[in-house]
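> Sequence and predicted structure below; questions after.
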Amino acid sequence: DAKTTQPPSMDCAEGRAANLPCNHSTISGNEYVYWYRQIHSQGPQYIIHGLKNNETNEMASLIITEDRKSSTLILPHATLRDTAVYYCIVRVQGAQKLVFGQGTRLTINP
Amino acid sequence: GAVVSQHPSWVICKSGTSVKIECRSLDFQATTMFWYRQFPKQSLMLMATSNEGSKATYEQGVEKDKFLINHASLTLSTLTVTSAHPEDSSFYICSGAVDLNEQFFGPGTRLTVL
């Protein structure tokens, strides 16, 4: 699976949009971009995934660049409960493993 | 989304004892279950992958005789830490997959070995 690079930490004000970047410059054509988050002392929670088109669900939006070498997870109106570590993972659809990197520790400030 | 439970949520044991952690998929049948370990301030590390009715596949560096995994049914997998030592203290997380496109994670079990 391709390696991803994320900033170790970010801060965002409550109510503002949180934009979390992820670089995956070695991504292959059949690899998807997945985002999970882990709130302190809990198991990871699936957020969203995509291949090349932008995706949106009730939790977030995923913007993937045209060359697919980077992506941005957008939490449109961040709340204090969005404070967590966010993991960007790329993997082949149907592959068994999820390989977690260090992620981005997002802190939402009141 | 689908729900995965773990039991116990935390356990404290003496060095040398064995501890069993259960992972259950409550509203779906998990053909594949995964076990992860997470040390403080670190990311999740995959320990092993198990498919119902067959032997688990362990990641490099994970001792299969120390971390016994049983996946006897489509809704239950167990991880037994045998002869636990303080260095085994960690946060153990399981996940279940219906197909291989999405994994649903349990809430984790915090193991402390004294």
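That came through, no problem. All of these numbers come straight from a predicted model, not from anything done at the bench.

> show me what contacts the residue of chain A found nearest chain B?
Nearest to chain B, among the residues of chain A, is A:Gly43, at 3.5 Å (CB to the nearest CB). Any C-beta I mention is one placed from the backbone N, CA and C, and that applies to glycine too. With contacts defined as CB atoms under 8 Å, 6 or more residues apart in numbering or on different chains, A:Gly43 is in contact with B:4, B:6, B:93, B:95, B:105-108.

> Produce a ChimeraX select command limited to the buried residues of the residues you listed.
Per 16 or more other CB atoms under 10 Å in any protein chain shown, the buried members of the contacts of A:Gly43 correspond to this ChimeraX selection:
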select /B:4,6,93,95,105,106,108
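
> filter the contacts of A:Gly43 down to the ones close to chain A.
When contact is defined as CB under 8 Å from any CB of the partner chain, the contacts of A:Gly43 meet chain A at B:4, B:6, B:93, B:95, B:105-108.

> Restricted to strands, list those.
B:4, B:6, B:93, B:95, B:105 (DSSP state E).

> How about the contacts made by the nearest residue to A:Ile64 once chain neighbours are set aside?
The shortest distance from A:Ile64 to any non-neighbouring residue, by CB to CB, 6 or more residues apart in numbering or on different chains, is to A:Ser71 (4.5 Å). Residues counted as contacts of A:Ser71 (CB under 8 Å, 6+ apart) are A:21-22, A:24, A:33, A:50, A:62-65, A:88.

> in which helix or strand would I find B:Thr80?
Using DSSP states H and E, B:Thr80 sits in strand B:76-81.

> Output the contacting helices and strands for that strand.
strand B:19-25, strand B:32-38, strand B:67-73, strand B:90-97 (3 or more CB pairs under 8 Å, 6 or more residues apart in numbering or on different chains; DSSP states H and E).

> re the thing from before, sticking with the residue nearest to A:Ile64, tell me its helix or strand.
Short version: A:Ser71 belongs to strand A:70-75, going by DSSP H and E.

> any idea of the mean pLDDT for that strand?
For strand A:70-75, mean pLDDT rounds to 98.

> quick one on the thing from earlier: so which of the helices and strands packed on strand B:76-81 is nearest A:Thr104?
strand B:32-38 (16.3 Å; CB to CB).
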